[in-house]
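Student: Sequence unavailable; structure follows:
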(Lines give C-alpha, C1' and ligand atoms only; values in the text may rest on other atoms or scores of the structure.)
Protein backbone atom coordinates (compact mmCIF):
# COMPACT_ATOMS: atom_id res chain seq x y z
CA UNK A 1 0.00 0.00 0.00
CA UNK A 2 2.78 2.40 0.95
CA UNK A 3 4.49 1.53 -2.33
CA UNK A 4 1.40 2.46 -4.37
CA UNK A 5 0.87 5.69 -2.43
CA UNK A 6 4.49 6.68 -3.07
CA UNK A 7 4.13 6.07 -6.82
CA UNK A 8 0.82 8.01 -6.84
CA UNK A 9 2.42 11.02 -5.15
CA UNK A 10 5.35 10.90 -7.52
CA UNK A 11 2.95 10.81 -10.46
CA UNK A 12 1.07 13.86 -9.19
CA UNK A 13 4.34 15.80 -8.80
CA UNK A 14 5.36 14.93 -12.35
CA UNK A 15 1.95 16.00 -13.63
CA UNK A 16 2.34 19.34 -11.86
CA UNK A 17 5.81 19.75 -13.39
CA UNK A 18 4.41 19.11 -16.86
CA UNK A 19 1.78 21.84 -16.44
CA UNK A 20 4.39 24.37 -15.37
CA UNK A 21 6.58 23.36 -18.31
CA UNK A 22 3.74 23.89 -20.72
CA UNK A 23 3.02 27.31 -19.20
CA UNK A 24 6.52 28.66 -19.76
CA UNK A 25 7.07 26.89 -23.10
CA UNK A 26 10.84 26.97 -22.74
CA UNK A 27 13.09 24.33 -24.19
CA UNK A 28 15.74 22.80 -21.93
CA UNK A 29 17.46 19.56 -21.18
CA UNK A 30 15.78 19.34 -17.78
CA UNK A 31 12.49 18.38 -19.44
CA UNK A 32 14.19 15.44 -21.11
CA UNK A 33 15.17 14.23 -17.64
CA UNK A 34 11.54 14.57 -16.49
CA UNK A 35 10.43 12.50 -19.47
CA UNK A 36 12.94 9.78 -18.67
CA UNK A 37 11.80 9.68 -15.07
CA UNK A 38 8.20 9.13 -16.17
CA UNK A 39 8.88 6.09 -18.35
CA UNK A 40 8.03 3.38 -15.81
CA UNK A 41 4.84 1.33 -16.31
CA UNK A 42 3.02 2.91 -13.39
CA UNK A 43 3.62 6.35 -14.90
CA UNK A 44 3.02 5.69 -18.56
CA UNK A 45 -0.28 7.61 -18.55
CA UNK A 46 1.32 10.81 -17.25
CA UNK A 47 1.80 13.30 -20.11
CA UNK A 48 4.86 15.47 -19.61
CA UNK A 49 5.32 18.51 -21.88
CA UNK A 50 8.78 20.07 -22.31
CA UNK A 51 10.40 22.01 -20.92
CA UNK A 52 10.79 22.21 -17.16
CA UNK A 53 10.42 25.53 -15.35
CA UNK A 54 13.46 27.66 -14.72
CA UNK A 55 14.04 29.49 -11.49
CA UNK A 56 12.06 32.75 -11.35
CA UNK A 57 15.01 35.10 -11.83
CA UNK A 58 16.20 33.27 -14.95
CA UNK A 59 12.68 33.11 -16.34
CA UNK A 60 12.16 36.80 -15.72
CA UNK A 61 15.37 37.72 -17.52
CA UNK A 62 14.29 35.77 -20.61
CA UNK A 63 10.89 37.39 -20.92
CA UNK A 64 10.19 40.68 -22.66
CA UNK A 65 9.21 43.58 -20.39
CA UNK A 66 5.78 43.51 -22.04
CA UNK A 67 5.47 39.69 -22.08
CA UNK A 68 2.60 39.50 -19.59
CA UNK A 69 0.48 41.86 -21.68
CA UNK A 70 1.39 39.85 -24.78
CA UNK A 71 0.71 36.47 -23.16
CA UNK A 72 -2.68 37.38 -21.74
CA UNK A 73 -3.90 38.63 -25.13
CA UNK A 74 -1.97 36.44 -27.53
CA UNK A 75 -3.81 35.81 -30.78
CA UNK A 76 -6.65 38.24 -30.15
CA UNK A 77 -8.52 39.59 -33.14
CA UNK A 78 -7.59 43.20 -33.91
CA UNK A 79 -9.81 45.18 -36.24
CA UNK A 80 -7.71 47.04 -38.87
CA UNK A 81 -9.56 50.28 -38.10
CA UNK A 82 -8.71 49.84 -34.43
CA UNK A 83 -5.04 49.22 -35.23
CA UNK A 84 -4.98 52.28 -37.49
CA UNK A 85 -6.52 54.46 -34.78
CA UNK A 86 -3.93 53.23 -32.25
CA UNK A 87 -1.11 53.87 -34.70
CA UNK A 88 -2.37 57.40 -35.29
CA UNK A 89 -2.38 58.11 -31.54
CA UNK A 90 1.17 56.74 -31.24
CA UNK A 91 2.32 58.92 -34.15
CA UNK A 92 0.81 62.06 -32.66
CA UNK A 93 2.46 61.47 -29.28
CA UNK A 94 5.87 59.99 -30.22
CA UNK A 95 6.97 61.54 -33.53
CA UNK A 96 6.67 65.28 -32.65
CA UNK A 97 8.81 64.84 -29.52
CA UNK A 98 11.47 62.94 -31.47
CA UNK A 99 11.26 65.54 -34.25
CA UNK A 100 12.03 68.54 -32.04
CA UNK A 101 14.68 66.84 -29.91
CA UNK A 102 16.49 65.60 -33.01
CA UNK A 103 16.29 69.03 -34.63
CA UNK A 104 17.80 70.61 -31.52
CA UNK A 105 20.59 68.05 -31.12
CA UNK A 106 21.63 68.78 -34.71
CA UNK A 107 21.55 72.54 -34.14
CA UNK A 108 23.35 72.20 -30.81
CA UNK A 109 26.28 70.14 -32.05
CA UNK A 110 26.66 72.43 -35.06
CA UNK A 111 26.37 75.62 -33.02
CA UNK A 112 30.09 76.23 -33.53
CA UNK A 113 29.47 76.28 -37.29
CA UNK A 114 26.93 79.09 -36.94
CA UNK A 115 28.92 80.95 -34.27
CA UNK A 116 32.16 80.78 -36.28
CA UNK A 117 30.89 83.57 -38.55
CA UNK A 118 30.59 85.96 -35.59
CA UNK A 119 33.90 85.80 -33.80
CA UNK A 120 33.66 82.50 -31.92
CA UNK A 121 37.06 81.24 -33.13
CA UNK A 122 38.86 84.45 -32.20
CA UNK A 123 37.08 84.90 -28.84
CA UNK A 124 37.96 81.38 -27.65
CA UNK A 125 41.58 81.63 -28.90
CA UNK A 126 41.38 78.33 -30.74
CA UNK A 127 44.60 78.81 -32.67
CA UNK A 128 45.56 77.42 -36.05
CA UNK A 129 43.83 74.00 -35.95
CA UNK A 130 41.77 74.37 -32.77
CA UNK A 131 38.47 74.70 -34.63
CA UNK A 132 39.11 71.45 -36.53
CA UNK A 133 39.85 69.70 -33.25
CA UNK A 134 36.58 70.88 -31.70
CA UNK A 135 34.74 68.96 -34.41
CA UNK A 136 36.69 65.81 -33.53
CA UNK A 137 36.53 66.26 -29.75
CA UNK A 138 32.72 66.31 -29.82
CA UNK A 139 32.85 62.82 -31.34
CA UNK A 140 35.41 61.62 -28.81
CA UNK A 141 32.74 62.41 -26.22
CA UNK A 142 30.12 60.74 -28.42
CA UNK A 143 32.34 57.68 -28.67
CA UNK A 144 32.96 57.54 -24.91
CA UNK A 145 29.22 57.66 -24.28
CA UNK A 146 28.15 54.93 -26.72
CA UNK A 147 28.45 51.78 -24.62
CA UNK A 148 27.33 53.35 -21.29
CA UNK A 149 24.36 54.83 -23.19
CA UNK A 150 23.47 51.46 -24.74
CA UNK A 151 23.58 49.74 -21.35
CA UNK A 152 21.55 52.42 -19.56
CA UNK A 153 18.97 52.65 -22.36
CA UNK A 154 18.32 48.95 -21.84
CA UNK A 155 18.34 48.99 -18.04
CA UNK A 156 16.46 52.25 -17.32
CA UNK A 157 13.08 53.66 -18.39
CA UNK A 158 14.02 54.92 -21.83
CA UNK A 159 11.90 58.09 -21.94
CA UNK A 160 13.07 59.35 -18.54
CA UNK A 161 16.70 58.65 -19.37
CA UNK A 162 16.50 60.52 -22.70
CA UNK A 163 14.66 63.42 -21.07
CA UNK A 164 17.34 63.94 -18.42
CA UNK A 165 20.12 63.67 -21.02
CA UNK A 166 18.43 66.33 -23.17
CA UNK A 167 18.18 68.65 -20.17
CA UNK A 168 21.85 67.95 -19.40
CA UNK A 169 23.20 68.84 -22.82
CA UNK A 170 21.00 71.94 -22.95
CA UNK A 171 22.66 73.17 -19.75
CA UNK A 172 26.12 72.33 -21.10
CA UNK A 173 25.44 74.24 -24.32
CA UNK A 174 24.29 77.29 -22.36
CA UNK A 175 27.61 77.29 -20.49
CA UNK A 176 29.67 77.47 -23.72
CA UNK A 177 29.94 81.30 -23.52
CA UNK A 178 31.85 80.83 -20.25
CA UNK A 179 34.67 79.13 -22.19
CA UNK A 180 37.44 81.53 -23.24
CA UNK A 181 40.24 79.18 -24.37
CA UNK A 182 40.77 75.94 -26.23
CA UNK A 183 40.93 73.74 -23.11
CA UNK A 184 37.61 74.97 -21.71
CA UNK A 185 35.85 74.84 -25.06
CA UNK A 186 37.21 71.34 -25.74
CA UNK A 187 35.95 70.05 -22.37
CA UNK A 188 32.56 71.60 -23.10
CA UNK A 189 32.36 69.94 -26.51
CA UNK A 190 33.42 66.57 -25.07
CA UNK A 191 30.62 66.65 -22.47
CA UNK A 192 28.12 67.78 -25.09
CA UNK A 193 29.04 64.80 -27.27
CA UNK A 194 28.91 62.42 -24.29
CA UNK A 195 25.29 63.33 -23.51
CA UNK A 196 24.12 63.63 -27.13
CA UNK A 197 25.40 60.08 -27.73
CA UNK A 198 22.15 58.82 -26.18
CA UNK A 199 19.87 60.28 -28.85
CA UNK A 200 20.48 58.16 -31.95
CA UNK A 201 20.58 54.72 -30.27
CA UNK A 202 17.68 55.72 -28.04
CA UNK A 203 15.52 56.80 -30.99
CA UNK A 204 16.41 53.63 -32.94
CA UNK A 205 15.23 51.62 -29.94
CA UNK A 206 12.00 53.64 -29.73
CA UNK A 207 11.33 52.87 -33.40
CA UNK A 208 11.56 49.12 -32.76
CA UNK A 209 9.42 49.36 -29.59
CA UNK A 210 6.47 51.21 -31.12
CA UNK A 211 6.37 50.38 -34.85
CA UNK A 212 6.25 47.30 -37.04
CA UNK A 213 9.18 46.93 -39.43
CA UNK A 214 7.30 48.24 -42.48
CA UNK A 215 6.36 51.45 -40.62
CA UNK A 216 9.82 52.28 -39.33
CA UNK A 217 11.53 53.90 -42.38
CA UNK A 218 8.96 56.69 -42.80
CA UNK A 219 8.76 57.40 -39.05
CA UNK A 220 12.53 57.40 -38.69
CA UNK A 221 12.89 59.76 -41.63
CA UNK A 222 10.15 61.97 -40.14
CA UNK A 223 12.56 62.95 -37.35
CA UNK A 224 15.82 62.42 -39.22
CA UNK A 225 14.73 64.91 -41.91
CA UNK A 226 15.28 67.64 -39.32
CA UNK A 227 18.93 67.46 -40.37
CA UNK A 228 17.81 68.95 -43.67
CA UNK A 229 15.59 71.53 -41.96
CA UNK A 230 18.46 72.55 -39.67
CA UNK A 231 20.80 72.81 -42.65
CA UNK A 232 18.31 75.04 -44.48
CA UNK A 233 17.38 77.35 -41.65
CA UNK A 234 19.97 76.83 -38.90
CA UNK A 235 22.44 79.09 -40.62
CA UNK A 236 19.82 81.78 -41.11
CA UNK A 237 18.80 81.51 -37.46
CA UNK A 238 22.47 81.84 -36.55
CA UNK A 239 22.77 84.81 -38.89
CA UNK A 240 19.70 86.50 -37.33
CA UNK A 241 21.04 85.89 -33.83
CA UNK A 242 24.37 87.28 -34.92
CA UNK A 243 22.71 90.62 -35.62
CA UNK A 244 21.87 91.19 -31.96
CA UNK A 245 23.85 94.33 -31.23
CA UNK A 246 23.37 94.76 -27.47
CA UNK A 247 24.61 92.91 -24.42
CA UNK A 248 26.88 89.91 -24.88
CA UNK A 249 29.10 89.21 -27.89
CA UNK A 250 26.94 87.96 -30.74
CA UNK A 251 28.34 84.43 -30.95
CA UNK A 252 27.29 83.70 -27.36
CA UNK A 253 23.58 84.07 -28.13
CA UNK A 254 23.73 81.09 -30.52
CA UNK A 255 24.58 78.75 -27.63
CA UNK A 256 22.32 80.37 -25.04
CA UNK A 257 19.22 80.28 -27.26
CA UNK A 258 19.76 76.77 -28.66
CA UNK A 259 20.58 75.44 -25.18
CA UNK A 260 17.41 76.97 -23.70
CA UNK A 261 15.24 75.22 -26.28
CA UNK A 262 16.96 71.88 -25.54
CA UNK A 263 16.35 72.34 -21.83
CA UNK A 264 12.65 72.93 -22.53
CA UNK A 265 12.34 69.85 -24.79
CA UNK A 266 14.03 67.69 -22.16
CA UNK A 267 11.27 68.65 -19.72
CA UNK A 268 8.63 67.91 -22.38
CA UNK A 269 10.13 64.43 -22.90
CA UNK A 270 10.06 63.71 -19.17
CA UNK A 271 6.38 64.59 -18.99
CA UNK A 272 4.94 63.31 -22.27
CA UNK A 273 7.22 60.61 -23.76
CA UNK A 274 6.13 57.10 -22.58
CA UNK A 275 8.53 54.34 -21.62
CA UNK A 276 6.66 51.26 -22.91
CA UNK A 277 3.57 50.54 -25.04
CA UNK A 278 2.15 48.36 -22.26
CA UNK A 279 2.20 51.21 -19.72
CA UNK A 280 1.61 54.26 -21.97
CA UNK A 281 -0.82 56.57 -20.12
CA UNK A 282 -2.06 58.23 -23.34
CA UNK A 283 -3.44 54.88 -24.59
CA UNK A 284 -6.53 53.12 -23.26
CA UNK A 285 -6.03 49.60 -21.79
CA UNK A 286 -7.37 48.10 -25.03
CA UNK A 287 -5.06 50.28 -27.15
CA UNK A 288 -2.05 49.17 -25.11
CA UNK A 289 -2.92 45.57 -25.94
CA UNK A 290 -3.19 46.49 -29.62
CA UNK A 291 0.16 48.34 -29.50
CA UNK A 292 1.95 45.33 -27.99
CA UNK A 293 0.28 42.81 -30.29
CA UNK A 294 1.18 44.86 -33.37
CA UNK A 295 4.88 45.11 -32.60
CA UNK A 296 5.22 41.48 -31.49
CA UNK A 297 4.89 40.62 -35.20
CA UNK A 298 8.43 41.99 -35.71
CA UNK A 299 9.72 38.72 -34.14
CA UNK A 300 12.16 40.65 -31.97
CA UNK A 301 10.13 41.51 -28.88
CA UNK A 302 9.81 45.05 -27.55
CA UNK A 303 12.30 45.56 -24.72
CA UNK A 304 14.13 43.37 -22.20
CA UNK A 305 15.89 45.14 -19.34
CA UNK A 306 18.34 42.32 -18.54
CA UNK A 307 21.84 42.43 -20.01
CA UNK A 308 22.80 39.04 -21.50
CA UNK A 309 26.43 38.06 -21.96
CA UNK A 310 25.77 35.46 -24.65
CA UNK A 311 24.17 38.17 -26.79
CA UNK A 312 27.27 40.31 -26.31
CA UNK A 313 29.42 37.46 -27.65
CA UNK A 314 27.02 36.96 -30.55
CA UNK A 315 27.33 40.64 -31.42
CA UNK A 316 31.10 40.32 -31.65
CA UNK A 317 30.87 37.25 -33.90
CA UNK A 318 28.07 38.53 -36.14
CA UNK A 319 29.35 39.72 -39.57
CA UNK A 320 26.60 42.36 -39.67
CA UNK A 321 28.16 44.14 -36.69
CA UNK A 322 31.44 44.74 -38.50
CA UNK A 323 29.79 45.51 -41.84
CA UNK A 324 27.68 48.21 -40.15
CA UNK A 325 30.76 49.54 -38.32
CA UNK A 326 32.78 49.93 -41.54
CA UNK A 327 29.72 51.30 -43.35
CA UNK A 328 29.19 54.00 -40.70
CA UNK A 329 32.88 54.93 -40.64
CA UNK A 330 32.97 55.40 -44.41
CA UNK A 331 29.71 57.35 -44.41
CA UNK A 332 30.79 59.80 -41.72
CA UNK A 333 34.27 60.74 -42.93
CA UNK A 334 32.59 63.19 -45.37
CA UNK A 335 30.11 64.40 -42.73
CA UNK A 336 32.23 67.27 -41.40
CA UNK A 337 32.16 68.83 -44.88
CA UNK A 338 28.38 69.07 -44.59
CA UNK A 339 28.25 70.22 -40.96
CA UNK A 340 31.12 71.96 -39.18
CA UNK A 341 32.91 73.08 -42.38
CA UNK A 342 29.99 73.82 -44.71
CA UNK A 343 30.13 77.58 -44.09
CA UNK A 344 33.90 77.61 -44.60
CA UNK A 345 33.68 75.56 -47.82
CA UNK A 346 30.99 77.78 -49.32
CA UNK A 347 32.90 80.90 -48.28
CA UNK A 348 35.90 79.51 -50.18
CA UNK A 349 33.80 79.75 -53.36
CA UNK A 350 33.99 83.55 -53.03
CA UNK A 351 30.72 84.55 -51.31
CA UNK A 352 30.13 86.87 -48.36
CA UNK A 353 29.00 85.94 -44.83
CA UNK A 354 25.28 86.05 -45.65
CA UNK A 355 25.93 84.01 -48.79
CA UNK A 356 27.53 81.24 -46.73
CA UNK A 357 24.23 80.91 -44.87
CA UNK A 358 21.64 81.08 -47.64
CA UNK A 359 23.67 78.89 -50.04
CA UNK A 360 23.31 76.06 -47.50
CA UNK A 361 19.53 76.11 -48.08
CA UNK A 362 19.58 74.08 -51.36
CA UNK A 363 21.76 71.42 -49.72
CA UNK A 364 19.38 71.23 -46.78
CA UNK A 365 16.43 70.99 -49.18
CA UNK A 366 18.12 68.09 -51.00
CA UNK A 367 18.64 66.32 -47.68
CA UNK A 368 15.10 66.99 -46.44
CA UNK A 369 13.34 65.87 -49.63
CA UNK A 370 15.57 62.83 -50.19
CA UNK A 371 14.98 61.62 -46.62
CA UNK A 372 11.20 61.87 -46.85
CA UNK A 373 11.12 60.35 -50.33
CA UNK A 374 13.39 57.50 -49.24
CA UNK A 375 11.29 56.87 -46.15
CA UNK A 376 8.11 56.72 -48.25
CA UNK A 377 9.67 54.38 -50.82
CA UNK A 378 11.04 51.98 -48.19
CA UNK A 379 7.68 51.94 -46.38
CA UNK A 380 5.76 51.29 -49.60
CA UNK A 381 8.28 48.68 -50.80
CA UNK A 382 9.69 47.03 -47.62
CA UNK A 383 12.60 45.17 -49.24
CA UNK A 384 14.05 48.23 -50.97
CA UNK A 385 16.24 49.58 -48.16
CA UNK A 386 19.61 48.40 -49.48
CA UNK A 387 18.66 49.50 -53.00
CA UNK A 388 17.77 52.95 -51.65
CA UNK A 389 21.09 53.17 -49.80
CA UNK A 390 22.93 52.14 -52.96
CA UNK A 391 21.28 54.84 -55.10
CA UNK A 392 21.91 57.51 -52.44
CA UNK A 393 25.59 56.57 -52.21
CA UNK A 394 26.05 56.59 -55.97
CA UNK A 395 24.72 60.17 -56.04
CA UNK A 396 27.12 61.11 -53.21
CA UNK A 397 30.03 59.59 -55.14
CA UNK A 398 29.11 61.74 -58.15
CA UNK A 399 29.01 64.86 -55.94
CA UNK A 400 32.37 64.12 -54.29
CA UNK A 401 33.93 63.38 -57.70
CA UNK A 402 32.80 66.81 -58.91
CA UNK A 403 34.49 68.47 -55.91
CA UNK A 404 37.71 66.58 -56.63
CA UNK A 405 37.80 66.88 -60.40
CA UNK A 406 36.36 70.30 -61.23
CA UNK A 407 38.77 73.28 -61.30
CA UNK A 408 38.46 76.00 -58.68
CA UNK A 409 37.10 78.34 -61.34
CA UNK A 410 33.98 76.13 -61.77
CA UNK A 411 32.40 77.47 -58.58
CA UNK A 412 28.80 76.64 -59.42
CA UNK A 413 29.68 73.14 -60.57
CA UNK A 414 31.54 72.48 -57.32
CA UNK A 415 28.65 73.96 -55.34
CA UNK A 416 26.21 71.59 -57.06
CA UNK A 417 28.61 68.74 -56.24
CA UNK A 418 28.49 69.75 -52.57
CA UNK A 419 24.67 69.84 -52.63
CA UNK A 420 24.55 66.33 -54.14
CA UNK A 421 26.56 65.05 -51.19
CA UNK A 422 23.59 65.83 -48.95
CA UNK A 423 22.03 62.57 -50.17
CA UNK A 424 24.34 60.92 -47.64
CA UNK A 425 21.75 61.45 -44.89
CA UNK A 426 19.39 59.04 -46.67
CA UNK A 427 22.02 56.32 -46.91
CA UNK A 428 23.03 56.58 -43.26
CA UNK A 429 19.49 56.82 -41.88
CA UNK A 430 18.50 53.66 -43.76
CA UNK A 431 21.37 51.85 -42.04
CA UNK A 432 19.68 52.75 -38.73
CA UNK A 433 16.56 50.90 -39.86
CA UNK A 434 18.76 47.84 -40.44
CA UNK A 435 19.40 47.89 -36.67
CA UNK A 436 15.81 48.64 -35.68
CA UNK A 437 14.29 46.01 -38.01
CA UNK A 438 16.97 43.34 -38.46
CA UNK A 439 18.59 42.91 -35.05
CA UNK A 440 16.72 40.99 -32.34
CA UNK A 441 17.55 40.51 -28.67
CA UNK A 442 17.63 43.75 -26.71
CA UNK A 443 21.24 43.39 -25.56
CA UNK A 444 22.37 42.51 -29.08
CA UNK A 445 20.37 45.37 -30.60
CA UNK A 446 21.89 47.92 -28.23
CA UNK A 447 25.45 46.63 -28.71
CA UNK A 448 25.06 46.52 -32.50
CA UNK A 449 23.76 50.07 -32.39
CA UNK A 450 26.73 51.06 -30.23
CA UNK A 451 29.12 49.43 -32.75
CA UNK A 452 27.47 51.31 -35.62
CA UNK A 453 27.75 54.61 -33.77
CA UNK A 454 31.33 53.82 -32.81
CA UNK A 455 32.02 53.77 -36.55
CA UNK A 456 29.97 56.97 -36.82
CA UNK A 457 32.28 58.58 -34.26
CA UNK A 458 35.48 57.27 -35.87
CA UNK A 459 34.43 58.72 -39.22
CA UNK A 460 33.52 62.06 -37.68
CA UNK A 461 36.83 62.18 -35.79
CA UNK A 462 38.80 61.51 -38.97
CA UNK A 463 36.77 63.87 -41.18
CA UNK A 464 37.73 67.26 -39.66
CA UNK A 465 41.41 66.32 -39.76
CA UNK A 466 41.26 66.07 -43.55
CA UNK A 467 40.63 69.85 -43.69
CA UNK A 468 44.16 71.19 -43.55
CA UNK A 469 44.89 74.89 -43.13
CA UNK A 470 47.77 74.52 -45.57
CA UNK A 471 45.33 73.50 -48.34
CA UNK A 472 42.72 76.25 -47.92
CA UNK A 473 40.67 77.27 -49.76
CA UNK A 474 40.95 74.17 -52.02
CA UNK A 475 40.90 71.43 -49.32
CA UNK A 476 41.91 68.78 -51.86
CA UNK A 477 42.62 66.09 -49.24
CA UNK A 478 39.17 66.56 -47.67
CA UNK A 479 37.38 66.09 -50.99
CA UNK A 480 39.40 62.95 -51.82
CA UNK A 481 38.58 61.59 -48.34
CA UNK A 482 34.88 62.21 -49.04
CA UNK A 483 35.09 60.23 -52.28
CA UNK A 484 36.87 57.32 -50.58
CA UNK A 485 34.41 57.32 -47.67
CA UNK A 486 31.37 57.12 -49.95
CA UNK A 487 32.98 54.32 -51.99
CA UNK A 488 33.67 52.28 -48.85
CA UNK A 489 30.08 52.79 -47.71
CA UNK A 490 28.71 51.61 -51.07
CA UNK A 491 30.84 48.46 -50.98
CA UNK A 492 29.61 47.58 -47.48
CA UNK A 493 25.96 48.12 -48.44
CA UNK A 494 26.32 45.58 -51.25
CA UNK A 495 28.11 43.09 -48.96
CA UNK A 496 25.39 43.47 -46.30
CA UNK A 497 22.64 42.93 -48.86
CA UNK A 498 24.31 39.76 -50.18
CA UNK A 499 24.77 38.38 -46.65
CA UNK A 500 21.17 39.00 -45.50
CA UNK A 501 19.70 37.74 -48.78
CA UNK A 502 21.70 34.49 -48.56
CA UNK A 503 20.57 33.88 -44.95
CA UNK A 504 16.92 34.45 -45.88
CA UNK A 505 17.22 32.07 -48.82
CA UNK A 506 18.85 29.36 -46.68
CA UNK A 507 16.22 29.64 -43.94
CA UNK A 508 13.36 29.49 -46.44
CA UNK A 509 14.78 26.24 -47.84
CA UNK A 510 15.02 24.82 -44.32
CA UNK A 511 11.42 25.74 -43.42
CA UNK A 512 8.69 23.09 -43.36
CA UNK A 513 7.30 24.18 -46.73
CA UNK A 514 10.73 24.69 -48.28
CA UNK A 515 9.56 28.06 -49.61
CA UNK A 516 8.35 30.21 -46.75
CA UNK A 517 7.27 29.98 -43.11
CA UNK A 518 4.11 28.07 -42.22
CA UNK A 519 1.57 29.66 -39.87
CA UNK A 520 2.85 27.53 -36.98
CA UNK A 521 6.45 28.56 -37.69
CA UNK A 522 5.43 32.22 -37.78
CA UNK A 523 3.68 31.92 -34.40
CA UNK A 524 6.76 30.26 -32.94
CA UNK A 525 9.01 32.99 -34.39
CA UNK A 526 6.87 35.67 -32.70
CA UNK A 527 7.00 33.76 -29.41
CA UNK A 528 10.79 33.46 -29.68
CA UNK A 529 11.00 37.21 -30.23
CA UNK A 530 9.01 37.87 -27.05
CA UNK A 531 11.45 35.59 -25.22
CA UNK A 532 14.29 37.92 -26.32
CA UNK A 533 15.85 35.41 -28.71
CA UNK A 534 18.28 36.96 -31.21
CA UNK A 535 17.74 36.98 -34.96
CA UNK A 536 20.61 34.49 -35.27
CA UNK A 537 18.98 31.91 -32.99
CA UNK A 538 15.40 32.53 -34.12
CA UNK A 539 15.23 30.53 -37.35
CA UNK A 540 11.84 32.01 -38.12
CA UNK A 541 13.33 35.51 -38.38
CA UNK A 542 13.70 37.02 -41.85
CA UNK A 543 15.79 40.07 -42.72
CA UNK A 544 14.20 43.14 -44.31
CA UNK A 545 16.36 43.90 -47.33
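Tutor: On my side now, so go ahead. Predicted, not measured: the structure shown is a model, and the values here were computed from it.
Student: so how far is residue 443 from the closest residue to residue 157 other than its chain neighbours?
Tutor: Of all residues not flanking residue 157 in the chain, residue 275 sits nearest, at 4.2 Å (CB to CB, 6 or more residues apart in numbering). In this view, the C-beta of every residue, glycine as well, is placed from N, C-alpha and C. Applying CB to CB, to the nearest Å, the value for residue 275 to residue 443 is 18 Å.
Student: One more: residue 531?
Tutor: Using CB to CB, we find residue 531 at a distance of 13 Å from residue 443.
Student: Same question for residue 472.
Tutor: From residue 472 to residue 443 the distance is 46 Å (CB to CB).
Student: ok, which stretches of this structure are strands?
Tutor: Taking DSSP state E as the criterion, the chain contains no strands.
Student: Low-confidence stretches in the stretch 151-300 of the chain?
Tutor: In the predicted model of the stretch 151-300 of the chain, residues 235, 238-239, 242 satisfy pLDDT under 70.
Student: For it, just list every one of the helices.
Tutor: 158-174, 182-196, 199-210, 216-224, 226-241, 250-272, 285-296 (DSSP state H, counting those that start in this stretch).
Student: what helices or strands is the last one leaning on?
Tutor: Contacts defined by 3 or more CB pairs under 8 Å, 6 or more residues apart in numbering; DSSP states H and E place helix 285-296 against helix 67-72, helix 80-109, helix 199-210, helix 519-530.
Student: Which of those sits closest to residue 265?
Tutor: Ranking the helices and strands packed on helix 285-296 by proximity to residue 265 (CB to CB) places helix 80-109 first, at 5.2 Å.
Student: how about that closest one: buried residues?
Tutor: Burial within helix 80-109, assessed by neighbour count using 16 or more other CB atoms under 10 Å, is assigned to 83, 86-87, 89-91, 93-95, 97-109.
Student: can you give me the angle it makes with helix 199-210?
Tutor: 180 degrees (axes from the mean of the first three to the mean of the last three CA atoms, to 10 degrees).
Student: and helix 80-109 with helix 250-272, angle?
Tutor: Using the same axes, to 10 degrees: helix 80-109 against helix 250-272 is 150 degrees.
Student: roughly how far is helix 80-109 from the heart of the chain?
Tutor: 15 Å (CA atoms, centre = their mean, to the nearest Å).
Student: Between helix 158-174 and that helix, find me the angle.
Tutor: 20 degrees.
Student: Who are the packing partners of helix 80-109?
Tutor: Right, helix 80-109 is packed against helix 158-174, helix 182-196, helix 199-210, helix 216-224, helix 226-241, helix 250-272, helix 285-296 by 3+ CB pairs under 8 Å, 6+ apart.
Student: ok, which stretches of the stretch 1-150 of the chain are helices?
Tutor: Going by DSSP H, counting those that start in this stretch, the stretch 1-150 of the chain shows helices at 2-24, 29-37, 56-62, 67-72, 80-109, 111-115, 120-123, 130-155.
Student: looking at those, which has the lowest confidence?
Tutor: Among the helices of the stretch 1-150 of the chain, helix 29-37 carries the lowest mean pLDDT, a mean of 39.
Student: how near is residue 427 to residue 388?
Tutor: For residue 427 relative to residue 388 (CB to CB), the value is 8 Å.
Student: With neighbour numbers in mind, choose between those two.
Tutor: Neighbour count, other CB atoms under 10 Å: between residue 427 and residue 388, residue 427 has more, with 26 against 23.
Student: In space, what's closest to that one - neighbours in sequence excluded?
Tutor: residue 392 is the one closest to residue 427 (CB to CB, 6+ apart), at 4.0 Å.
Student: Make CSV from the helices and strands packed on helix 285-296 and add distance to residue 127 to it.
Tutor: Shown next, in CSV, are the helices and strands packed on helix 285-296 (distance: least, CB to CB, whole Å):
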stretch, distance to residue 127
helix 67-72, 56
helix 80-109, 21
helix 199-210, 30
helix 519-530, 53
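Student: about what we covered before: out of residue 275 and residue 443, name the residue with the larger neighbour count.
Tutor: Neighbour totals were compared for residue 275 and residue 443, and residue 443 leads with 23 against 18 (other CB under 10 Å).
Student: residues contacting the more buried one?
Tutor: Residues in contact with residue 443 (CB atoms under 8 Å, 6 or more residues apart in numbering) are 154, 304, 306, 307, 308, 311, 312, 315.
Student: Roughly how far does it sit from residue 422?
Tutor: Distance from residue 443 to residue 422, by CB to CB: 35 Å.
Student: Quick check: end-to-end length of stretch 222-230?
Tutor: 13 Å (CA to CA, to the nearest Å).
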